[in-house]
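Chemist: Sharing a sequence plus its predicted fold:
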Amino acid sequence: MKIKIKIILSSLIFIYSFTTKGQNVHHEFSIYGTGGISTFLHKPSIGKSAVGFGGNTGIGYTFFFSPEWGITTGMEAMFVNRNYKLSSLSDFYSVYDGTEDFEFRYTLKNYKEKQWSVFINIPLMVQYQTTGKTKFYAAAGGKIAFPVSSKYTGKYEEIITSAYYPQYNVELFQPYFRGLGTFEDIEEKGSVKFKPAIMLSAEAGIKWKLSDKWSLYTGVSIDFGLNNILKETQNHALMGYNAEQPSNYHYNSMLVSKYTQDGNSKSFTDKMAPMMIGVKIKLAFGAGKPVEAEKNKDKRPEILFITQKDKDDKSLGMKGNEVEAQLTNDEKKEQELEIALLTIPVSSYKFNQIVLDDVQKTEWNARIKILKNYPHLHFIVEGHTCDMGSLNVNINEGLLRAETVRDYLITNGIESYRLKIISKGDSVPIVPNISESNRRINRRVVLVPDKK
């Protein structure tokens, strides 16, 4: 078990260290619990089996590689149980009492067995979530369940035992010290061995945003075992005769036992797998660059950062309005057309992108040529984002985009005093933020004439 735990912890550390190498990603840590039907899937050949109730509790980690998609892992403890009832059973088998062979016979009444186990589960699931303050989420994948403890308790209301000697055609119901007679209210406890289980897992529900960092998940989950976890073969008798101590029987679980029917040996059950379905509650804490949306645009402030060193620099000579007064009507129309071209947004930013790509640089190079023709004009460089991110994150991201464009313009010959930068965050979308293509349009930088 120590080796298994070391392997599990090493795997989690590797996954975390691998995913944290990325930039502008979102990490989410969580604690959670699930309660509901948590039982074993097995159909006994005789008797009745009833589902049990339990659940799991654990810690989780989700790596979001996009606003909607993430990979989830973690570690959890799963508690599983099931009840078994058998109203009556008569069985027999041959034994040796140290002197000669005889047929040991027993009849039991109202046998009840409770089975329960603890597993340590390692999940690996893909999670999808919608955007917005309140999200729908769904996850699917698998889990490996390592058995930690597997116990059972068997209770017999009454057992009648006898010894039949076919060579004498005699059946003995006594003496008691040889384990023959009637026994009442017997309880026996023991353990069984299971193999690790492989389970398909899925969950779905609502993710409630509590703050920029905290979220609450509420939903339903299901784990379904695929493989047979019975490790021992079903070759034991439910009551095992002990020749050395005849009155001290070995009682076994029905999971590893057999009985005789129509002259043939049959197992009580030959397949077993864990299964759980229940209500899940998870409290999650986000770290890193948040990717969640916060649609509260009417309360978002507009932050203006003035980078103009000296708007009225005397080295300019004429003021802007003096230059405009000397233009003819045709020149004014041409200027208006070129200025209109300047104000077309440069968009198609990827999520969390700040640095300009080659296509965006080409678009700004065309605008730089026009800007150099009108050295008296001043502009505001506006940075915009889509709706994914908190208020502070989007304001900062819009500012960084505007600042990057301003620096690119200055590097390519545009005077710094002609430029201001401003962040609008996600407060002024061009199109509704309902798809990734629309969000790419809203992630933009635009030049706005500064008439102040």
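Modeler: Nice, thanks for sending it over.
Chemist: number of nearby residues for Thr134?
Modeler: For Thr134, the count of nearby residues is 11 (other C-beta atoms under 10 Å). All C-beta atoms are positioned from the backbone trio N, CA, C, and that covers glycine.
Chemist: What mean pLDDT does stretch 272-290 get?
Modeler: For stretch 272-290, mean pLDDT rounds to 87.
Chemist: okay, that stretch in PDB with CA atoms only?
Modeler: What follows is stretch 272-290, C-alpha atoms only, in PDB (Å, rounded to 0.1, in the frame of the first residue of the first chain):
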ATOM      1  CA  MET A 272     -18.400  -7.800  -8.500                       C
ATOM      2  CA  ALA A 273     -17.700  -4.100  -9.300                       C
ATOM      3  CA  PRO A 274     -18.100  -0.900  -7.400                       C
ATOM      4  CA  MET A 275     -20.800   1.700  -8.500                       C
ATOM      5  CA  MET A 276     -21.700   5.100  -7.100                       C
ATOM      6  CA  ILE A 277     -24.300   7.700  -8.000                       C
ATOM      7  CA  GLY A 278     -25.000  10.700  -5.900                       C
ATOM      8  CA  VAL A 279     -25.100  14.400  -5.300                       C
ATOM      9  CA  LYS A 280     -21.800  16.200  -5.400                       C
ATOM     10  CA  ILE A 281     -20.800  19.500  -3.800                       C
ATOM     11  CA  LYS A 282     -17.400  21.000  -4.500                       C
ATOM     12  CA  LEU A 283     -15.700  24.200  -3.200                       C
ATOM     13  CA  ALA A 284     -13.100  25.400  -5.700                       C
ATOM     14  CA  PHE A 285     -10.300  28.000  -5.400                       C
ATOM     15  CA  GLY A 286      -8.800  29.500  -8.600                       C
ATOM     16  CA  ALA A 287      -5.200  30.400  -8.900                       C
ATOM     17  CA  GLY A 288      -3.200  31.900 -11.800                       C
ATOM     18  CA  LYS A 289      -4.700  33.900 -14.600                       C
ATOM     19  CA  PRO A 290      -8.500  33.700 -14.200                       C
END
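Chemist: Show me where the chain has its helices.
Modeler: 2-19, 320-325, 329-342, 358-373, 391-411, 436-442 (DSSP state H).
Chemist: was I right about Gly240 contacting Ser253?
Modeler: No. Gly240 lies out of contact with Ser253 (C-beta atoms under 8 Å); the separation is 11.7 Å.
Chemist: So for the two, which sits in the more crowded spot?
Modeler: The neighbour count for Gly240 versus Ser253, taken as other C-beta under 10 Å, is higher for Ser253 (23 against 14).
Chemist: Please list all residues in contact with the nearest residue to that one once chain neighbours are set aside.
Modeler: Ranked by C-beta to C-beta, 6 or more residues apart in numbering and with sequence neighbours excluded, the top spatial neighbour of Ser253 is Tyr152, at 4.6 Å. Neighbouring residues of Tyr152 by C-beta atoms under 8 Å, 6 or more residues apart in numbering: Glu113, Lys114, Gln115, Trp116, Lys189, Gly190, Ser191, Val192, Ser253, Leu255.
Chemist: and what of Ile434?
Modeler: Contacts of Ile434 by C-beta under 8 Å, 6+ apart: none found.
Chemist: any idea how far Leu377 is from it?
Modeler: 36 Å (C-beta to C-beta, to the nearest Å).
Chemist: now Glu76
Modeler: Between Glu76 and Leu377 the computed distance is 62 Å (C-beta to C-beta).
Chemist: Same check on Phe104?
Modeler: As judged by C-beta to C-beta, Phe104 and Leu377 stand 106 Å apart.
Chemist: neighbour-wise, which of those two wins?
Modeler: Shown here are Phe104 and Leu377; by other C-beta under 10 Å, Phe104 has more neighbours (23 against 19).
Chemist: isn't the more buried one right next to Tyr96, touching?
Modeler: No. Between Phe104 and Tyr96 there is no contact under C-beta under 8 Å: 10.0 Å.
Chemist: Quick check: which ranges of this structure have low pLDDT?
Modeler: 1-25, 288-331, 452 (pLDDT under 70).
Chemist: at 50 instead, please
Modeler: Low-confidence regions of the chain, defined by pLDDT under 50, span residues 3, 5, 7-9, 12-25, 290-325.
Chemist: Can you check which strand is longest in it?
Modeler: strand 134-165 (DSSP state E).
Chemist: Please name the bridge partners of the residue nearest to Phe29 when sequence neighbours are not counted.
Modeler: Distance criterion C-beta to C-beta, 6+ apart; nearest residue to Phe29, sequence neighbours excluded, is Phe285 at 5.2 Å. Phe285 forms beta bridges with Phe29, Trp214, as assigned by DSSP bridges.
Chemist: Next up, the contacts around Phe285.
Modeler: Phe285 makes contacts with Glu28, Phe29, Ser30, Lys213, Trp214, as judged by C-beta under 8 Å, 6+ apart.
Chemist: ok, the second one to Thr130 distance?
Modeler: This points to Phe29. As for Phe29, its distance to Thr130 is 21 Å (criterion: C-beta to C-beta).
Chemist: What of the third one?
Modeler: Summarising the geometry, the distance separating Ser30 from Thr130, computed by C-beta to C-beta, is 18 Å.
Chemist: Neighbour count: those two, which is higher?
Modeler: Between Ser30 and Thr130, counting by other C-beta under 10 Å, Ser30 is the more crowded of the two (19 against 14).
Chemist: Neighbours of Gly413, how many?
Modeler: By other C-beta under 10 Å, 10 other residues sit near Gly413.
Chemist: Ser211 now?
Modeler: 10.
Chemist: Now it: phi and psi?
Modeler: Main-chain torsions, Ser211, degrees, to the nearest 10: phi -160, psi -170.
Chemist: Asn352 versus that one, what's the distance?
Modeler: If you go by C-beta to C-beta, the gap between Ser211 and Asn352 works out to 21 Å.
Chemist: go on, Gln129?
Modeler: 17 Å.
Chemist: do the same with Asp450
Modeler: If you go by C-beta to C-beta, the gap between Asp450 and Asn352 works out to 28 Å.
Chemist: So if I had to pick from these two, which one is more boxed in?
Modeler: Remark: of Asp450 and Asn352, Asn352 carries more neighbours, 20 against 17, as counted by other C-beta under 10 Å.
Chemist: Pretty sure Glu397 is one of the things the more buried one touches, is it not?
Modeler: Yes. Using C-beta under 8 Å, Asn352 makes contact with Glu397 at a distance of 7.2 Å.
Chemist: which non-adjacent residue is nearest Tyr156?
Modeler: Of all residues not flanking Tyr156 in the chain, Ile186 sits nearest, at 4.3 Å (C-beta to C-beta, 6+ apart).
Chemist: again, but for Ser117
Modeler: Ser150 (4.2 Å).
Chemist: That'll do, ta.
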